[in-house]
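Q: Sequence first, then the predicted structure, then my questions.
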Protein chains: 2
Amino acid sequence: MASPSALAEQALLLEVAATPTPGNVDRERDLDDLRFDQLLAGASGARPGLERLANGLEIGAGLETAVRGMVDAAGTNTQFGALLLLSPLVKTAAEGDLIREAADLTTTKTTVDDAVAFYSSFDHVNVAVDEPPEGLEPLDVRRGSEAEDVIRERDLTLRDVLEASADHDAIAREWTGGFTRTFGVAEQLAASSEPLRERAARAHLQLLGEEPDTLVATKHGEDVAKDVQKRASELDPDDGEAVERFAEGLVERGINPGTTADLLAGGLYVALQREEIEP
Amino acid sequence: MASPSALAEQALLLEVAATPTPGNVDRERDLDDLRFDQLLAGASGARPGLERLANGLEIGAGLETAVRGMVDAAGTNTQFGALLLLSPLVKTAAEGDLIREAADLTTTKTTVDDAVAFYSSFDHVNVAVDEPPEGLEPLDVRRGSEAEDVIRERDLTLRDVLEASADHDAIAREWTGGFTRTFGVAEQLAASSEPLRERAARAHLQLLGEEPDTLVATKHGEDVAKDVQKRASELDPDDGEAVERFAEGLVERGINPGTTADLLAGGLYVALQREEIEP
């Protein structure tokens, strides 16, 4: 049986290899500013941080190590959101059965140190995030490690920090809402007998049609994110040409539903870890 | 700086992502019995073995661990030849500068135990190999760990074993001939300013046109291997359609120049390790 960190890396690799994943880098598409090879390298670079996390390092420090390894290997931010989602899942799997309740418990055990390390991980990487709400400027994640004093003063754990983002960030919502969509994707992946890459592409499209992608909302506004969601929900996943036209349209407009890819990576990991799918 | 094992894994990932690599699995092609996703998983699965090797484990034992991890993750043999080539290179890089002389010295230091572990690695995997020469049946690698007594009786090191295969196996030839082609590929990759995947595809075609692929010779005979070499050498790498026709023809005939892919993976690793290329 492979280690949780190895399977988390495999999930990242299988996510980027799945195709088509409209608007995202996939086996058949590079974006102007993000290439397939960089995502492969990012997955590989993140692995030691995930491995240390599985071996006992705290979630915040493990995530920061993984993010730094990802950036060093890929030269850019490739999978920050996916690593944020994978970290508590890997920690949970390393400690016992990977079930929703256990993963939720893992997030409730995060500490102020985890929150500080999470902020520090933004020192290494540019991540698209919303402006902080009024009054929360001192907790803007873009402040990176400079936010440490405020975090400690306010005694915020990593889960507390993510609670504050849960309304506009789907990964934070997974962290604070029991990983509903992540485990849902895993179940969907496990239930089908199609080739894995087709299942993964189908799951991506379904996620995209289910809720607005929060990275798209951050970069292009809520209306655009809702429009993308609506169009995805109306697509027939078996109509390859229509899916391809949709994908082309997203790429032309520079719309990259990265959070949806992150959720797919999380779902792939859960299903791999529970031995419900194989490459 | 990433660890040698991380870079070796990245080389395996970048090799399979390079396209077109006629006859081999690549980003744009699965084979009937070998899928892209399996090669990604195989690279990931091999990493812990390579890491232990870099951290001091002997070459034979490290290779055997890597092969077992590869098969466990991928469900089949995906990169045996590449791992055989990478093992002494990773060991060399872990101990000092990765230069040809040092890599050659690494192979001369292999022991009888390394040879025994190399044979044992065939217990885990089906590898296409030639029938052993007359009188050498007891040393048929397909005997796996059962050959241990013979290896010890004859006091054969792993380099000795590979010397015996050097006339019909290009990876054994690298092991015993100072890694000429591997380092040659690395230099070629480092010299160009094209996108890496184009350089890698070009290097693959050049390797294929340079010498008969020994896996093709093993599976289809020397004449077929020579014919493939000749046709590859006559191709204009910039004539995409001609390269594609050539690739289609190989796939239709079930011809898979896997040794050429192994050499490319080795060259990618050397260039990554020497920081001459990046993903």
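A: Received, thanks. Numbering: from 1, shown residues only, chains lettered A, B, ... in the order given.
Q: Could you find the closest non-adjacent residue to the residue of the stretch 151-279 of chain A found nearest chain B?
A: Chain B sits closest to A:P279 of the stretch 151-279 of chain A, with a gap of 3.8 Å, by C-beta to the nearest C-beta. (C-beta placed from N, C-alpha, C; glycine too.) Distance criterion C-beta to C-beta, 6 or more residues apart in numbering or on different chains; nearest residue to A:P279, sequence neighbours excluded, is B:A41 at 3.8 Å.
Q: For the one you found, pull up the helix or strand it's in.
A: Under the criterion DSSP states H and E, the helix or strand holding B:A41 is helix B:36-54.
Q: Output the contacting helices and strands for that helix.
A: With contacts defined as 3 or more C-beta pairs under 8 Å, 6 or more residues apart in numbering or on different chains; DSSP states H and E, the packing partners of helix B:36-54 are helix A:4-17, helix A:36-54, helix B:4-17, helix B:59-74, helix B:80-95.
Q: can you tell me the average pLDDT over it?
A: Mean per-residue pLDDT for helix B:36-54: 98.
Q: Now find how far off-centre it is within its chain.
A: Its chain's average C-alpha position is 13 Å from that of helix B:36-54, according to C-alpha atoms, centre = their mean, to the nearest Å.
Q: Report the buried residues of it.
A: B:36-54 (16 or more other C-beta atoms under 10 Å in any protein chain shown).
Q: got it, and stretch A:10-27?
A: In stretch A:10-27, the ones that count as buried by 16+ other C-beta under 10 Å are A:10-27.
Q: out of the residues you listed, who's near chain B?
A: With C-beta under 8 Å from any C-beta of the partner chain as the criterion, these include A:10, A:13-14, A:17, A:27 near chain B.
Q: Adding distance to A:E148, write the helices and strands packed on helix B:36-54 out as CSV.
A: Shown next, in CSV, are the helices and strands packed on helix B:36-54 (distance: least, C-beta to C-beta, whole Å):
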stretch, distance to A:E148
helix A:4-17, 27
helix A:36-54, 20
helix B:4-17, 30
helix B:59-74, 39
helix B:80-95, 36
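Q: What is the neighbour count of A:E234?
A: 10 (other C-beta atoms under 10 Å in any protein chain shown).
Q: now swap in A:K226 and tell me
A: A count of nearby residues for A:K226, using other C-beta under 10 Å, gives 15.
Q: Go ahead and list the helix or strand containing it.
A: Element membership for A:K226, per DSSP H and E: helix A:222-234.
Q: Show me what that helix is packed up against.
A: Applying 3+ C-beta pairs under 8 Å, 6+ apart, one finds that helix A:222-234 contacts helix A:196-210, helix A:214-220, helix A:240-252.
Q: show me the residues around the closest residue to A:L208 other than its chain neighbours that make contact.
A: In space, and not counting its chain neighbours, A:L208 is closest to A:A232: 4.0 Å by C-beta to C-beta, 6+ apart. Residues near A:A232 by C-beta atoms under 8 Å, 6 or more residues apart in numbering or on different chains: A:22, A:205, A:208-209, A:246.
Q: one more time with 10 Å, if that's ok
A: Going by C-beta atoms under 10 Å, 6 or more residues apart in numbering or on different chains, A:A232 touches A:22-23, A:204-210, A:212-213, A:243, A:246, A:250, A:257, A:260.
Q: same check, this time on A:N126
A: A:71, A:76-77, A:80, A:142.
Q: What about these, which one has the most neighbours?
A: That'd be A:F80 among the contacts of A:N126, by other C-beta under 10 Å, with 26 neighbours.
Q: how much space between the residue lying closest to it once chain neighbours are set aside and B:D114?
A: Spatial nearest neighbour of A:F80, excluding adjacent residues (C-beta to C-beta, 6+ apart): A:V127 at 5.1 Å. With distances taken as C-beta to C-beta, to the nearest Å, A:V127 is found 46 Å from B:D114.
Q: quick one, which of the two is more surrounded?
A: Neighbour comparison, A:V127 and B:D114: the larger count goes to B:D114, with 27 against 17 (by other C-beta under 10 Å).
Q: Name the nearest residue to the more buried one, sequence neighbours excluded.
A: Using C-beta to C-beta, 6+ apart, the closest residue to B:D114 is B:G60 (3.2 Å).
Q: I'd guessed that neighbour sits against B:F122; true?
A: No. Using C-beta atoms under 10 Å, B:G60 is not in contact with B:F122; the gap is 11.9 Å.
Q: Quick one: residues contacting the residue of the stretch 1-150 of chain A at minimum distance from chain B.
A: Residue nearest to chain B within the stretch 1-150 of chain A (C-beta to the nearest C-beta): A:A41, separated by 3.8 Å. Contacts for A:A41 (C-beta under 10 Å, 6+ apart) come out as A:35, A:70, A:72-76, A:78, B:2, B:6-7, B:9-10, B:13-14, B:17, B:272, B:278-279.
Q: quick one, the helix holding A:K226 and helix A:240-252 angle?
A: For helix A:222-234 against helix A:240-252, the angle by axes from the mean of the first three to the mean of the last three C-alpha atoms, to 10 degrees is 170 degrees.
Q: Flag every buried residue along helix A:222-234.
A: A:224-225, A:228-229, A:231-232.
Q: Check stretch A:154-169 too.
A: Buried residues in stretch A:154-169, counted by 16+ other C-beta under 10 Å: A:156-166, A:168-169.
Q: Any chance of the residues you listed in CSV with distance to B:L264 and pLDDT as columns?
A: Putting the buried residues of stretch A:154-169 into CSV (distance: C-beta to C-beta, whole Å; pLDDT from 0 to 100) gives the following:
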residue, distance to B:L264, pLDDT
A:L156, 49, 97
A:T157, 48, 98
A:L158, 42, 98
A:R159, 46, 98
A:D160, 49, 97
A:V161, 45, 96
A:L162, 43, 96
A:E163, 48, 95
A:A164, 48, 92
A:S165, 44, 92
A:A166, 46, 94
A:H168, 45, 92
A:D169, 41, 95
